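*Asks:* Curious how this folds, go ahead:
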Amino acid sequence: MLSIRKSADRGHFSHGWLDTYHTFSFADYYNPQQMGFRSLRVINEDRVAPGSGFGMHGHRDMEIVTLVLSGALAHKDSLGNGEALRPGELQRMTAGRGIRHSEFNPSQAESVHLYQLWLMPRAAGLAPSYEQKAFDPAERAGRWQLVASPTGESGSLTIQQDARILLADLTAGQELAYEIPAGRHAWLQVLRGAVVVNGTPLAESDAAALSEEPQLKLRAAGPAEVMLFDLS
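*Replies:* Here you go, the predicted model:
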């Protein structure tokens, strides 16, 4: 079964300094039909204005992964970490028993465009931790690049959930497949461009959920960037 989540159907709020889209129920957006998919609980696409950001705030019992598409995001947290997240890098926080952090756009001229992803952890009350890594874009040209996994395999981020996150960059007309093992599920998010997934066209910021499908088949309608979640 393939279900489509169109970009225009997401929750949308413009706060002046923040333009945000919520794939699933989050903050002031509530849709009982959109509470998440498997362990994937939040997909927020944010654009933060220059010199603006999220002040220090707390999280508990959530795996939080952040991907910046353009600009930079300055991060500080209660564990003592403080660094900027840029395109090509991903950040993972295990909120666990509790972590506080701030996220700020340090540029006075350029907005920052990012995705923030929350997954339910394998257990409550884990020790909070933080990780940030750069991933070579050449390693996802026309193929899947693993960027997060339960074991940190192949240099990926380590997330406390039976889930894998992969990225791929495609040229116009390029095709790519992903085998979905029996009993597992997939969520495909189009970051940039447009693709056709199992015969269904998706535009930028659209998504597709796949359950009881043995394979995901992609064809790029033009240059495209996609993110895939392999979920239990």
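*Asks:* Going by C-alpha atoms from here, please, whenever you check contacts or count neighbours.
*Replies:* Noted.
*Asks:* For Trp187, which non-adjacent residue is spatially closest?
*Replies:* Once flanking residues are discounted, Trp187 sits nearest to Ala209: 4.5 Å by C-alpha to C-alpha, 6 or more residues apart in numbering.
*Asks:* partners of that neighbour in the sheet?
*Replies:* Ser3, Trp187 (DSSP bridges).
*Asks:* do Leu85 as well
*Replies:* Leu73.
*Asks:* quick one, what contacts it?
*Replies:* Residues near Leu85 by C-alpha atoms under 8 Å, 6 or more residues apart in numbering: 68, 72-75, 91, 132.
*Asks:* Select, from those residues, the two members most distant in space.
*Replies:* Longest distance between any two of the contacts of Leu85 is 13.5 Å, between Ala72 and Gln132; criterion C-alpha to C-alpha.
*Asks:* So if I had to pick from those two, which one is more boxed in?
*Replies:* Taking neighbours as other C-alpha atoms under 10 Å, Ala72 and Gln132 compare with Ala72 leading, 23 against 17.
*Asks:* What's the separation between Arg97 and Met62?
*Replies:* 9 Å (C-alpha to C-alpha, to the nearest Å).
*Asks:* Can you pick out the residue with more neighbours from the two?
*Replies:* Remark: of Arg97 and Met62, Met62 carries more neighbours, 27 against 14, as counted by other C-alpha under 10 Å.
*Asks:* Start and end of stretch 33-41, how far apart?
*Replies:* Using C-alpha to C-alpha, the two ends of stretch 33-41 sit 13 Å apart.
*Asks:* ditto for stretch 150-159
*Replies:* 5 Å.
*Asks:* Give me the buried stretch members for that stretch, please.
*Replies:* Buried residues in stretch 150-159, counted by 16 or more other C-alpha atoms under 10 Å: 150-151, 156-159.
*Asks:* next one: stretch 173-193
*Replies:* Quick answer for stretch 173-193 (16+ other C-alpha under 10 Å): 174-176, 180, 184-193.
*Asks:* just stretch 225-232 next, same as before
*Replies:* Neighbour-count burial for stretch 225-232 [16+ other C-alpha under 10 Å]: 225-231.
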